[in-house]
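K.L.:
Return a 3D structure for these sequence lines:
(one chain, ligands or ions: 2)
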Amino acid sequence: MSRYLPIMLECAGQPCIVIGGGAVAERKIMGLLEAGAAIIVISPELSPRLTALAQNQSLKWLKRLFAPGDTRGAFLVYAASSDAAVNMEVAREARKLNIPVNVASEAEAGSFITPGVLRRGRLTVAVSTSGAGPAAAAQIKGLLEEMLGGEYEPYLDFLYDMRTEIKRRESSAAVRGRLLRKLAALDVLDEIRQGTFKKWGPEVIDAWIADNREE
Ligand SMILES: C[C@@]1(CC(=O)O)c2cc3[nH]c(cc4nc(cc5[nH]c(cc(n2)[C@H]1CCC(=O)O)[C@@](C)(CC(=O)O)[C@@H]5CCC(=O)O)C(CC(=O)O)=C4CCC(=O)O)c(CCC(=O)O)c3CC(=O)O
Ligand SMILES: NC(=O)C1=CN([C@@H]2O[C@H](COP(=O)(O)OP(=O)(O)OC[C@H]3O[C@@H](n4cnc5c(N)ncnc54)[C@H](O)[C@@H]3O)[C@@H](O)[C@H]2O)C=CC1
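P.N.:
Numbering: from 1, shown residues only. Ligands and ions are numbered 1, 2, ... in the order given. Now for the predicted structure:
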């Protein structure tokens with residue numbers, strides 16, 4: 001069994017090449033779009049949704065079959081055509097060029113797999129079964145979706161703003177560490193759920209930092 005390394009990859013503006021333009025390619029492309037990748041799709045046909053994305057310039061469409069050399073210069077490659085032999089050829093080429101490649105028809109032929117993803121603003125949860133059961137990954141993601149409500153979005157925005165402020169102001173690592181730990185222990189999430197949370201203005205932030213700098 002492969003043990004995959006989970007990482008969060010910055011893909012903004014990076015050329016990501018997808019071979020195939022059907023339902024599976026569409027799912028991978030929606031994830032790439034969320035990450036701001038520069039998407040190039042190589043496929044003689046596109047699904048209606050992908051056609052619309054090509055028309056509004058959200059992706060670049062090369063209307064043809066895969067050809068040798070197509071993966072050159074890519075940051076990531078997705079082999080998602082309905083031709084398993086072509087997908088294997090894409091994988092071989094990408095691997096030779098040391099480009100990470102995902103193979104929709106045969107997970108093991110690729111070097112990375114796509115987890116089920118749920119987002120709540122800055123929160124990302126990715127679920128993988130290491131390829132054992134993609135439908136189970138989707139189900140588990142569904143369970144987590146029920147557990148992790150929309151309140152996480154404003155909560156993480158709050159944490160982000162506060163951490164940014166603390167890191168900007170506090171040069172002492174010890175004080176910073178103390179503040180950041182106390183910040184994580186605050187029950188803001190519950191206040192947001194109850195609807196009693198009021199956005200902290202500059203004075204509230206100043207006062208909280210002053211009150212919590214010492215042990
Ligand atoms: C290994 C992996 C490689 C990769 O694609 O990256 C892979 C491979 C394969 N999937 C297959 C089938 C299905 N895949 C789905 C759905 C999803 N598949 C996804 C990921 C992955 N699929 C990677 C492993 C993820 C993990 O670690 O668990 C998800 C999570 C993410 C995404 O695709 O974006 C997304 C859910 C998104 C969501 O809803 O959240 C459904 C359900 C459906 O369509 O509703 C079915 C039909 C039911 C079934 O078969 O279980 C087949 C057989 C093809 C054939 O028939 O031959 C293969 C090939 C093989 O097994 O080698
Ligand atoms: N990993 C996953 O999550 C899943 C993977 N699959 C696998 O993925 C494959 C694709 O599934 P779908 O998108 O549903 O199929 P689809 O038939 O909807 O789309 C296939 C696409 O590949 C294109 N294509 C065919 N030959 C090509 C070539 N030589 N070069 C470039 N493009 C080419 C077609 O024009 C079409 O756009 C399936 O054959 C299956 O093996 C299926 C379900 C889920």
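K.L.:
element containing residue 39, please.
P.N.:
strand 38-42 (DSSP states H and E).
K.L.:
what helices or strands is that strand leaning on?
P.N.:
Counting by 3 or more Cβ pairs under 8 Å, 6 or more residues apart in numbering; DSSP states H and E, the packing neighbours recorded for strand 38-42 are strand 15-19, helix 23-34, strand 60-62. For glycine as for every other residue, the C-beta is placed from the backbone atoms N, C-alpha and C.
K.L.:
Please identify which of those is closest to ligand 2.
P.N.:
helix 23-34 (3.4 Å; Cβ to the nearest ligand atom).
K.L.:
Need the CA coordinates for that closest one. PDB is fine.
P.N.:
Output of helix 23-34 as PDB, limited to C-alpha atoms (Å, rounded to 0.1, in the frame of the first residue of the first chain):
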ATOM      1  CA  ALA A  23     -16.700  14.100 -15.900                       C
ATOM      2  CA  VAL A  24     -13.600  13.100 -14.000                       C
ATOM      3  CA  ALA A  25     -11.400  15.800 -15.600                       C
ATOM      4  CA  GLU A  26     -14.200  18.300 -14.700                       C
ATOM      5  CA  ARG A  27     -14.000  17.300 -11.000                       C
ATOM      6  CA  LYS A  28     -10.200  17.700 -10.900                       C
ATOM      7  CA  ILE A  29     -10.400  21.000 -12.800                       C
ATOM      8  CA  MET A  30     -12.900  22.500 -10.300                       C
ATOM      9  CA  GLY A  31     -10.300  21.800  -7.600                       C
ATOM     10  CA  LEU A  32      -7.500  23.400  -9.700                       C
ATOM     11  CA  LEU A  33      -9.700  26.500 -10.400                       C
ATOM     12  CA  GLU A  34     -10.300  27.000  -6.600                       C
END
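K.L.:
got the buried residues for it?
P.N.:
For helix 23-34, the buried set under the neighbour-count rule, 16 or more other Cβ atoms under 10 Å, comprises 24-26, 28-29, 32.
K.L.:
May I ask which two of the residues you listed are separated the most?
P.N.:
Within those, 24 and 32 form the most distant pair, 12.9 Å apart (Cβ to Cβ).
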